[in-house]
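1. I would like to see how this sequence folds:
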Amino acid sequence: MRFDILTLFPELFAPFLQVGVTRRAYETGLVDVRLWNPRDHADGNYRRVDDRPFGGGPGMVMMAEPLARCLEAVRADRAEPAEAAAPVVLFSPIGARIDHAGVERWSASAGAVLVCGRYEGIDQRFIDFFVDVQLSLGDFVLSGGEIAAMALLDAVARLQPGVLNDAGSHQLDSFNPALDGLLDCPHYTRPEQWQGAGVPPVLTSGDHAKIEAWRRAQRVALTTRHRPDLLRPKKL
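-> Modelled structure (predicted):
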């Protein structure tokens, strides 16, 4: 799996790729991440990648040409046939919200080209010509697409075999179909008593059937209280 990231700030990704449990995915090449700076494909001494918007207004807009050249370099490096070219993904407010089902689909894919916008956005012509998919983290605006790209990479990387210490850990994640898409239950660890609060007795009973029944009840209760939309019947 390979993700090529077009970003004006590749240095933001260095610590992200080197820490935490998901670093195993990047170190071993399970998830191959390559960083590309559109500024390297811009003209002039200043390598300009943005300009004022037509029609006026605040801010600047990323120019189409440096992005197109950068994407062309990615395509040449990937050396894929046109019919099997990796999809180009842009993180933007109009994109579909990333959810567990989407992450699972990306985790089983061959990867993508992730475009991280900045400033007021990207020249619409680049989007019209090259972008295949638009994604969003939610109904809020970020300074750029880098954080969204990291979120997608992290979610995808942890689903790869051998990345988590326990191969089945992600099967108990919130939103996972293995848990009927419910929120996960509360978790406790040592000490058994902390600041006057104890652990639910069922968890120390050793009765695995009762423990699982308690966890299931907690998942349903938490989902009902905090995300009742997850309990609604799915449309056919």
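2. and for residue 217, the neighbour number?
-> 12 (other C-beta atoms under 10 Å). Every C-beta, even on glycine, is put in place using the N, C-alpha and C of the backbone.
3. what's the strand or helix carrying it in contact with?
-> Element membership for residue 217 (DSSP states H and E) is helix 208-226. For helix 208-226, contacts defined as C-beta atoms under 8 Å, 6 or more residues apart in numbering pick out 179, 182, 183, 184, 185, 186, 200, 202, 203, 205, 230, 231.
4. contact partners for residue 4?
-> Here residue 4 is in contact with 34, 35, 36, 74, 77, 78, 86, 111, 112, 113, 114 (criterion: C-beta under 8 Å, 6+ apart).
5. now go through the residues you listed and say which are in strands.
-> Of the contacts of residue 4, the ones assigned to strands by DSSP state E are 34, 35, 36, 111, 112, 113, 114.
6. how close does the closest residue to residue 42 other than its chain neighbours sit to residue 182?
-> Nearest residue to residue 42, sequence neighbours excluded (C-beta to C-beta, 6 or more residues apart in numbering): residue 66, at 4.1 Å. As judged by C-beta to C-beta, to the nearest Å, residue 66 and residue 182 stand 45 Å apart.
7. how about residue 205?
-> Between residue 205 and residue 182 the distance is 23 Å, computed by C-beta to C-beta.
8. in what helix or strand does the most centrally placed residue in the chain lie?
-> Centroid-nearest residue in the chain: residue 152, 1.1 Å away (criterion: C-alpha atoms, centre = their mean). When elements are assigned from DSSP H and E, residue 152 belongs to helix 146-157.
9. what's near enough to touch residue 59?
-> Taking C-beta under 8 Å, 6+ apart as the test, what residue 59 contacts is 53, 119, 120.
10. ditto for residue 33
-> 2, 3, 5, 13, 17, 26, 153.
11. and these, which two are the farthest apart?
-> Checking those against each other with C-beta to C-beta, the farthest-apart pair comes out as 2 and 13, at 14.5 Å.
12. what is the helix or strand of the chain with the lowest mean pLDDT packed up against?
-> Least confident element among the helices and strands of the chain, by mean pLDDT, DSSP states H and E: helix 23-27 (a mean of 92). Applying 3 or more C-beta pairs under 8 Å, 6 or more residues apart in numbering; DSSP states H and E, one finds that helix 23-27 makes contact with helix 13-18.
13. identify all contacting residues around the longest strand anywhere in the chain.
-> Across the chain, the longest stretch assigned as strand under DSSP E is strand 88-97. Contacts to strand 88-97, defined as C-beta under 8 Å, 6+ apart, come from residues 71, 102, 112-117, 121-122, 127, 130-139, 141-142, 145, 148-149.
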